[in-house]
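In: give me a model of this one.
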Amino acid sequence: MVNMRPFTAFEQKNLKFLVNHNVKFTQVEITPTGLGKGILDSTAPMRAYFLENGIHNYEEQLQGQEHKQINKLAFLPMQHNFSRKHPFIVQTQ
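Out: Prediction:
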């Protein structure tokens, strides 16, 4: 898995719970800039998870803002839980 920083004790506890209960999940670390702009960089594990679970196929999506697809995601931070709609965008090079 791709991690930008070490997991906190809280995150380690949650990961252990998910793994022990055979819950399918993917991880993403959202930066304040990315959250503010509504842009999430998709890592290879995240793309694979979305494809394997029928959530999104980046290979079939055309590039650019006009082809963005918006799906609902759930964020589970330590402080509180919330959900929001978030676009899947293939960035142009």
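
In: just give me the longest helix of this protein.
Out: Longest helix in the chain by number of residues (criterion: DSSP state H): helix 9-20.

In: now do whatever helix or strand comes next after that helix: distance to the chain's middle.
Out: Per DSSP states H and E, the first helix or strand lying C-terminal to helix 9-20 is helix 32-37. Here helix 32-37 is found 13 Å from its chain centre; the criterion is CA atoms, centre = their mean, to the nearest Å.

In: can I get the CA coordinates of helix 32-37 in PDB?
Out: Provided in PDB are the C-alpha atoms of helix 32-37 (Å, rounded to 0.1, in the frame of the first residue of the first chain):
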ATOM      1  CA  PRO A  32      -5.800  20.100   2.600                       C
ATOM      2  CA  THR A  33      -5.000  21.500  -0.900                       C
ATOM      3  CA  GLY A  34      -6.500  18.500  -2.600                       C
ATOM      4  CA  LEU A  35      -9.700  18.600  -0.500                       C
ATOM      5  CA  GLY A  36     -10.100  22.300  -1.100                       C
ATOM      6  CA  LYS A  37      -9.700  22.000  -4.900                       C
END
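
In: what mean pLDDT does that helix have?
Out: For helix 32-37, mean pLDDT rounds to 77.

In: after that helix, which helix or strand is next?
Out: Under the assignment DSSP H and E, the closest C-terminal helix or strand after helix 32-37 is helix 44-52.

In: buried ones in that following helix, by neighbour count?
Out: Of the residues in helix 44-52, 46-47, 49-50 count as buried by neighbour count, 16 or more other CB atoms under 10 Å. All C-beta atoms are positioned from the backbone trio N, CA, C, and that covers glycine.
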